[in-house]
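Enquirer: My questions are about this predicted structure, shown below with the sequence.
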Amino acid sequence: MSSHSPAERRQRVGELPPLLPADEQAIQRFLDLLWAEQGLARQTLESYRRDLSGLARWRDGRAGGLARIDRAGLFDYLAWRTAQRYSPRSNARLLSTLRAFYGQALSRGERADDPTALIDPPRLPRSLPKALAESQVDALLAAPSLDDPAGLRDRAMLELMYAAGLRVSELVGLPANAVNLRQGVLRVTGKGSKERLVPLGEESQHWLQRYLDTARPALAAGKGVPAGADGQVPMFIDAARKPLTRQHFWLLVKRYAAVAGIDPALVSPHGLRHSFATHLLNRGADLRALQMLLGHSSLSTTQIYTLVAREHLQQLHQRHHPRG
């Protein structure tokens, strides 16, 4: 007789059991409280939902489902994920989700213990952000064709992302009223609905002004741009007068990397944000100022860029110093 649970057997053949009502209610209650208390972004909440739903479906209602799982059950699930070749980073994120879920249950008196206690997160290799060289950024920004409105829009988006260090979600979700070109300032709503003001350079202002004057009206075909589900009118639109998706912009960046003669595998929208931070540090920017520009809640998140800058300086020393 097989020792695998029904959920395990179904997952092995590509099927997923439905969520039990009790588990679904517990997950939704957790997400609602998290949103109310911390105002987390929708993408973060959906990530939590996927993590908890995966465990609930694997558990398949055994011994009370999510609400009653013990430490041994969590160890079993983590061992199963390891055998299924889930990455250490994915498992570390899952454990963070579980700590939040069961910590909340403990504080509400719904559990007398925390099953995640004494479970150590997997060791993660330290990965440095991948930044492009300044010459590569120049080539990438110059790749869009300016002969059509979409190309001019893409040039403005690339310039703005690099000039302001935006996350791709911040860029595609930018409302039309977020920019003040007279003052050269951009108002960005980042993770956790936190707002920050980012100064714009002359180059990004120039391309944004050209987009607003000519390309955006052409894409809208003389019609008004409708507000999105959030009630905001989007800044960057496609020919259907809708905002670009993150996936669409990701594909555009890959295409322009190929046009610029850069290996598309080395380029991503987030890579432009990394390049923004790394290039500022290489030119002497203050770490605290960089933290504010990037919208990091913790300075420790920003400090990883100092390792990139240090690595760059070491390479310069080895390449040019007579005893390098």
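Expert: Ah, there it is.

Enquirer: Need the per-residue pLDDT for Leu290.
Expert: Each residue has a pLDDT score; the one for Leu290 is 68.

Enquirer: do Ile262 as well
Expert: According to the model's per-residue confidence, Ile262 sits at a pLDDT of 92.

Enquirer: Might one say that Gly228 is in contact with Arg241?
Expert: No: in this structure, Gly228 sits apart from Arg241 without contact. The criterion is C-beta atoms under 8 Å, and the distance is 10.6 Å. Where you see a C-beta, it was placed from the backbone N, CA and C, and this is true even at glycine.

Enquirer: Between those two, point out the one with more neighbours.
Expert: More neighbours surround Arg241 than the other of Gly228 and Arg241, with 16 against 13 (other C-beta atoms under 10 Å).

Enquirer: Where does pLDDT dip in the chain?
Expert: Segments of the chain classed as low confidence (criterion: pLDDT under 70) are 1-16, 61, 63-64, 124-129, 285-290, 292, 295-324.

Enquirer: Tell me how it divides into domains.
Expert: Domain assignment for the chain by automatic domain parsing gives 6-107, 134-320.

Enquirer: what's in contact with the helix or strand containing Glu37?
Expert: In this structure, Glu37 is located in helix 21-38 according to DSSP states H and E. Contacts with helix 21-38, where a contact means C-beta atoms under 8 Å, 6 or more residues apart in numbering, come from 19, 40, 45, 48-49, 52-53, 56, 59, 61, 65-67, 100-101, 104-105, 192.

Enquirer: Ser145: what's its closest spatial neighbour, skipping adjacent residues?
Expert: Once its chain neighbours are removed from consideration, Ser145 has its nearest residue in Gly151; the separation is 4.0 Å (C-beta to C-beta, 6 or more residues apart in numbering).

Enquirer: show me where the stretch 51-200 of the chain has strands.
Expert: Taking DSSP state E, counting those that start in this stretch as the criterion, the stretch 51-200 of the chain carries its strands at 179-180, 185-189, 195-199.

Enquirer: Save those as a markdown table, and put in mean neighbour count and distance to Ser268 too.
Expert: Converted to a markdown table, these look like this (neighbours: other C-beta atoms under 10 Å; distance: least, C-beta to C-beta, whole Å):
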| stretch | mean neighbour count | distance to Ser268 |
| --- | --- | --- |
| strand 179-180 | 18 | 24 |
| strand 185-189 | 19 | 19 |
| strand 195-199 | 14 | 20 |
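
Enquirer: ok, Arg196 touching Gly190?
Expert: Yes: counting by C-beta under 8 Å, a contact exists between Arg196 and Gly190, whose distance comes to 6.3 Å.

Enquirer: Do you have the helices of the stretch 1-150 of the chain handy? List them.
Expert: Remark: helices of the stretch 1-150 of the chain, listed N- to C-terminal, are 6-12, 21-38, 42-59, 71-83, 88-107, 134-141, 149-164; assignment by DSSP state H, counting those that start in this stretch.
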